[in-house]
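Asks: sequence below, structure please.
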Amino acid sequence: MSETASSSTAFPAAADVAIEDINPINPEMFSRNHWQDYFERLRKEDPVHFNETETAGRYWSLTRYDDIKAVDTDWQNFSSARGITLGLPIGAEAPPGALTGIQTFIAQDPPVHDVQRKTVAGVAAPGNLVKLEPLIRERTQRVLDSLPEGETFDWVDTVSIELTTMMLATLFDFPWDDRRKLTRWSDITFAIPQPGGIVETVEQKRTELLECLEYFTVLWNERKLNPGEDLVSMLAHGEDTRDMPPMEFLGNLLLLIVGGNDTTRNTMSGSVYALNQFPDQYDKLIASPGLIPKMVAEVIRWQTPLAYMRRTANHDCEVGGKQIRKDDQVLMWYVSGNRDESVFENADVLDIERINARQHLSFGFGIHRCMGNRLAELQLRVLWEEILPRFEKIEVQAEPERTFSSFVKGYTRLLVRVRRKST
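Replies: Take a look at the predicted model:
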């Protein structure tokens with residue numbers, strides 16, 4: 001079983017595609033796990049790569065670490081205010097039935113970005129993480145103790161989704177019995193409507209996102225009168241967020257839901273898959289549990305739970321010798337920068353003692369660096385601190401099923417078995 005295992009139907013090899021025809025935004029390339037060779041070619045042959053399509057217009061793909069970091073830290077020249085994922089051409093209309101007008105603080109530039117982010121940043125402050133760790137540990141212990149032994153089960157649903165959804169419900173002070181609604185809303189936020197997909201139509205996606213807004217509006221009104229220390233209360237009472245229009249409220253909710261759910265849960269699943277891919281590293285971790293913090297950083301690099309982020313050029317400029325036009329979309333492919341051999345030696349390999357693992361791009365850089373990065377690391381650290389004393393091994397039984405997305409790089413199913421340690 002290899003990381004680049006092929007699916008039953010053929011997918012063109014990277015070497016067989018003309019360099020100008022490579023379009024890295026293709027979600028099938030990720031769902032079939034065929035992205036590695038394509039990005040390796042782009043890094044070597046065309047690291048600032050141009051595409052133009054009817055649906056998205058002009059966009060550039062940055063695939064080398066240094067170019068990505070340079071753009072990510074330059075908000076003055078590369079704006080987030082037009083969206084963080086590949087969008088429509090300038091002036092184009094949204095598809096019929098699509099929900100429009102959604103705004104988030106991550107898709108804003110200063111000063112709006114800064115004041116809205118500051119309103120909720122306290123939830124991931126060091127002091128709050130110290131208070132949250134015992135709760136995270138107790139829940140992790142309970143979930144791991146409930147796992148069946150000698151039976152194949154889905155790690156994604158049973159462990160990764162359950163742990164991250166419980167954490168989200170706590171951060172929002174969300175009704176406990178309805179917490180899986182948060183998972184559903186997270187899944188559909190960036191889902192591509194398609195037959196048999198997470199959502200089948202644009203209209204279905206719109207309807208369910210409006211249900212999210214309706215549900216949280218009730219919570220908002222309750223917290224206006226009886227505030228707590230949760231994210232909804234912070235937004236409802238923050239000087240710069242309490243008068244948000246509905247679509248901005250929805251956008252910031254979805255940002256916090258996805259940020260607290262998709263990324264952590266996919267790295268939790270990715271850690272199990274990666275250590276099975278590299279059993280020597282799994283054995284090393286078992287022998288030296290003190291390596292868990294280094295392993296966490298390396299898995300976040302290796303997995304890269306969000307494949308890219310988008311910026312938009314504020315004016316004509318140059319990146320890597322290529323002429324970028326004003327209003328061109330620029331995609332910073334974190335997933336490629338994290339495999340850049342000029343920065344990470346043997347980058348495709350999981351190395352839990354990698355000296356520079358924490359230099360990964362997965363959390364971004366600059367003003368948009370992931371607000372919850374320390375919380376994500378905490379959840380992953382606690383998970384493995386509780387796994388190692390309990391289990392001889394967590395054994396992957398089959399290649400995982402992966403998310404049909406070029407933005408969220410994750411897993412929808414990962415079949416495993418556990419072997420408990422004898423007491």
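
Asks: from what I see, residue 219 and residue 169 are in contact.
Replies: No. Using C-beta atoms under 8 Å as the test, residue 219 is too far from residue 169 to be in contact (11.6 Å). Just so you know, the C-beta spots here come from the backbone N, C-alpha and C atoms, and that holds for glycine as well.

Asks: so for whichever strand or helix holds residue 164, what gets flagged as buried?
Replies: In this assignment (DSSP states H and E), residue 164 forms part of helix 162-172. Residues of helix 162-172 classed as buried by neighbour count (16 or more other C-beta atoms under 10 Å): 162, 163, 164, 165, 166, 167, 168, 169, 170, 171, 172.

Asks: between those residues, which is nearest residue 403?
Replies: Proximity of the buried residues of helix 162-172 to residue 403 (C-beta to C-beta) peaks at residue 164, which lies at 14.6 Å.

Asks: so what's that closest one up against?
Replies: 260, 261, 264, 265, 268, 379 (C-beta atoms under 8 Å, 6 or more residues apart in numbering).

Asks: also residue 39?
Replies: Contacts of residue 39 (C-beta under 8 Å, 6+ apart): 24, 63, 333, 335, 336, 339.

Asks: now name the helix or strand holding it.
Replies: Short version, using DSSP H and E: residue 39 is in helix 35-45.

Asks: where does the stretch 301-423 of the chain dip in pLDDT?
Replies: Residue ranges of the stretch 301-423 of the chain with pLDDT under 70: 367-369, 371-372, 423.

Asks: how about the helices in it?
Replies: 334-337, 373-390 (DSSP state H, counting those that start in this stretch).

Asks: output the ones you listed as CSV; include the columns distance to residue 182 and mean neighbour count.
Replies: Converted to CSV, these look like this (distance: least, C-beta to C-beta, whole Å; neighbours: other C-beta atoms under 10 Å):
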stretch, distance to residue 182, mean neighbour count
helix 334-337, 24, 27
helix 373-390, 15, 20
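
Asks: can you lay out those helices as CSV showing distance to residue 236?
Replies: Conversion of the helices of the stretch 301-423 of the chain to CSV gives the following (distance: least, C-beta to C-beta, whole Å):
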stretch, distance to residue 236
helix 334-337, 33
helix 373-390, 21
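
Asks: average pLDDT for the following helix or strand past the helix holding residue 39?
Replies: Following helix 35-45 in sequence order, the next helix or strand is strand 48-53 (DSSP H and E). The pLDDT scores in strand 48-53 average 96.

Asks: surely residue 326 meets residue 79?
Replies: No. With contact defined as C-beta under 8 Å, residue 326 does not count as touching residue 79 (10.6 Å).

Asks: tell me which of these two has more neighbours.
Replies: residue 79 (19 against 11; other C-beta atoms under 10 Å).

Asks: how about the more buried one, nearest residue that isn't a chain neighbour?
Replies: residue 312 (5.0 Å; C-beta to C-beta, 6 or more residues apart in numbering).

Asks: check contacts around that neighbour.
Replies: Contacts of residue 312 by C-beta under 8 Å, 6+ apart are 78, 79, 80, 81, 82, 83, 327, 328, 329, 330.

Asks: among these, which one lies nearest to residue 59?
Replies: Looking across these and measuring by C-beta to C-beta, the closest to residue 59 is residue 329, at 3.9 Å.

Asks: how about the nearest residue to that closest one, chain neighbours excluded?
Replies: Using C-beta to C-beta, 6+ apart, the nearest residue to residue 329 is residue 59, at 3.9 Å.

Asks: quick one, longest helix in this protein?
Replies: helix 246-277 (DSSP state H).

Asks: what residues sit buried inside the next helix or strand after that one?
Replies: Tracing the chain past helix 246-277, the next element assigned as helix or strand by DSSP H and E is helix 279-287. Using 16+ other C-beta under 10 Å as the test for burial, helix 279-287 gives 281, 282, 284, 285.

Asks: need those residues in CSV with pLDDT, can you?
Replies: Formatted as CSV, these follow (pLDDT from 0 to 100):
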residue, pLDDT
281, 98
282, 98
284, 98
285, 98
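
Asks: returning to what we had before: from the contacts of residue 312, list the buried ones, please.
Replies: Buried among the contacts of residue 312 by 16+ other C-beta under 10 Å: 78, 79, 80, 83, 327, 328, 329, 330.

Asks: distance check, the third one against residue 370.
Replies: Distance of residue 80 to residue 370, computed by C-beta to C-beta, to the nearest Å: 14 Å.
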